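Novice: Could you look at this predicted model? Sequence included:
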Amino acid sequence: MTDNQDVLVLRRGLDQLADLLAKVGPGDLARSTPCAEWSLGELVDHVVAAPEKFARMVRGESFDWSAPTPAAGDNPAGAFRAHGDELLAALGDGAGREGAPGADWQCAELAVHTWDLATALGESTDGLEPEVAERGLALMQDNLTAENRDPAFGPAQPAPDGANAYDRIAAFAGRSV
C-alpha cells in the first residue's frame, strides 16, 4: 500500500536524480560508471526509462524487461521528470492494487543509480535525502538474497565506517564504495 509519506519520499528521490541528470552533458556520455558494463550514457538511458517501466508494473501492464532501453534523448532530465510524474500518478491510482510494487521498490532503484550517477560525475551524495536510500536499503535487505542477486547485483560489499545512506545501499548492491 502506498501512502502520502511514501509518495513524498519517492518524489524527493525523483527530484534529486533529475537534478543530477541535468548536470550530464553530451561530453560526459562516454564516461565510465561504477556499473562496469555501462557507460554513463547507458546508465542515463536506463535511469530515464525505469520510472515508466515501474509505472507500467503498478498499472498491471506487461512489458519486456529484456527489451533494449530507448535512448534518453536530448533532455534526459525532462524525460525522467515526465516518467517520474507518470509513476507517481500510477502509484496514486493503484495504491491498493494487489501485488503492485510500492514506492520503496522504486526508492531502491533510484538510490542505487543516484549513487552510480553521482559517482560517475564526481558529485557527492552527502547532501541528498537519506530517507530515499534508507527505505530502498531496507527493502533490498528484506528481499535480496545470495540466490537472487545475479545478474542485477553483485555480492554485498563492505561500506566504510560512517558511510552515508547512499554509500551503504551502493555497497549492499555490490558496488565498491
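Specialist: Received the coordinates, thanks.

Novice: Surely residue 84 touches residue 14?
Specialist: Yes - the criterion here is C-beta atoms under 8 Å, and residue 84 meets it with residue 14 at 3.8 Å. Where you see a C-beta, it was placed from the backbone N, CA and C, and this is true even at glycine.

Novice: Common neighbours of the two, please.
Specialist: residue 51 (C-beta atoms under 8 Å, 6 or more residues apart in numbering).

Novice: Distance-wise, check the residue most central in space within the chain relative to residue 50.
Specialist: The residue lying closest to the centre of the chain (C-alpha atoms, centre = their mean) is residue 110, at 2.0 Å. Distance from residue 110 to residue 50, counting by C-beta to C-beta, to the nearest Å: 8 Å.

Novice: Same check on residue 13?
Specialist: Taking C-beta to C-beta, one finds residue 13 at 11 Å from residue 50.

Novice: Find the residues that touch each one of these two.
Specialist: Common neighbours of residue 13 and residue 50 (C-beta under 8 Å, 6+ apart) are 106, 110.

Novice: Between the two, which is the more surrounded one?
Specialist: residue 13 (26 against 20; other C-beta atoms under 10 Å).

Novice: Great, nothing more from me.
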